[in-house]
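[1] sequence plus predicted model, see below.
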Amino acid sequence: MDGIAESAAAAARDLRVMFSRLRRRLRELAADGELTPSQTAVLNRLWKDGASSASALASGEHVRPQSMATIVTALDELGLIERAPDPQDGRRQLISLTAAGRQRAESNRQAREEWLSRAIHERYSERERRVILDALKRRYGQRRPVPREPRPRRLHPPPGRPGDTPAGRNSLSRLPARHPG
């Protein structure tokens, strides 16, 4: 690659592979067998962003409105979402999580976060964890990246942090090997 240092190209390749594996592993943790990956993604989007229309969900998940209608119907049948008229446009419905839907999404998030925290703790030394944090702070200027799109208004207050509940411990075999350094 012209004008790109070999170390940058190697880091880009390694990061791409690592992020692909990490994303796949986190999706596996969220999948509980009852929900499809698309249903889980919509559940998580509603948990993070709050109430939304079906068309906004379809756009956010990059699926056709007809596909989103199928996903929303399945979540509704499981009692994980509820629909209410949009106060600003009565022709439209807003979809939000039920208490069971919020609990499911929070549980999924907690399991993924706990697994990733444990993996980082077990794989990397304190010094290596500090390097990771410093690199993230330099890149984003804060602990979490700023969202790229404005978030829709919430009908419900943001969910609180769930209490400490044990989540299953999972294999770390899919993460890249620890490199001394």
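    Everything's here; your move. Numbers count the residues shown, from 1 in each chain.

[2] can I get stretch 67-86 in CSV, CA atoms only?
    Output in CSV follows, covering the C-alpha atoms of stretch 67-86 (Å, rounded to 0.1, in the frame of the first residue of the first chain):
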residue,chain,number,x,y,z
SER,A,67,-38.8,-7.8,7.1
MET,A,68,-39.0,-5.5,10.1
ALA,A,69,-42.7,-6.1,10.3
THR,A,70,-42.0,-9.8,10.7
ILE,A,71,-39.3,-9.2,13.4
VAL,A,72,-41.6,-6.8,15.3
THR,A,73,-44.5,-9.3,15.1
ALA,A,74,-42.3,-12.1,16.6
LEU,A,75,-41.1,-9.8,19.4
ASP,A,76,-44.7,-8.8,20.1
GLU,A,77,-45.9,-12.4,20.3
LEU,A,78,-43.1,-13.1,22.8
GLY,A,79,-44.3,-10.2,24.9
LEU,A,80,-41.0,-8.3,24.5
ILE,A,81,-42.4,-5.1,22.9
GLU,A,82,-45.5,-3.0,23.0
ARG,A,83,-47.0,-0.6,20.4
ALA,A,84,-48.6,2.7,21.1
PRO,A,85,-49.9,5.5,18.9
ASP,A,86,-47.3,8.2,18.1
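
[3] next, the buried residues of that stretch.
    68, 71-72, 74-75, 78, 80-82 (16 or more other C-beta atoms under 10 Å). C-beta: built from backbone N, CA, C; applies to glycine.

[4] in helices, which of those residues appear?
    68, 71-72, 74-75 (DSSP state H).

[5] looking at those residues, which is nearest L97?
    L75 (8.9 Å; C-beta to C-beta).
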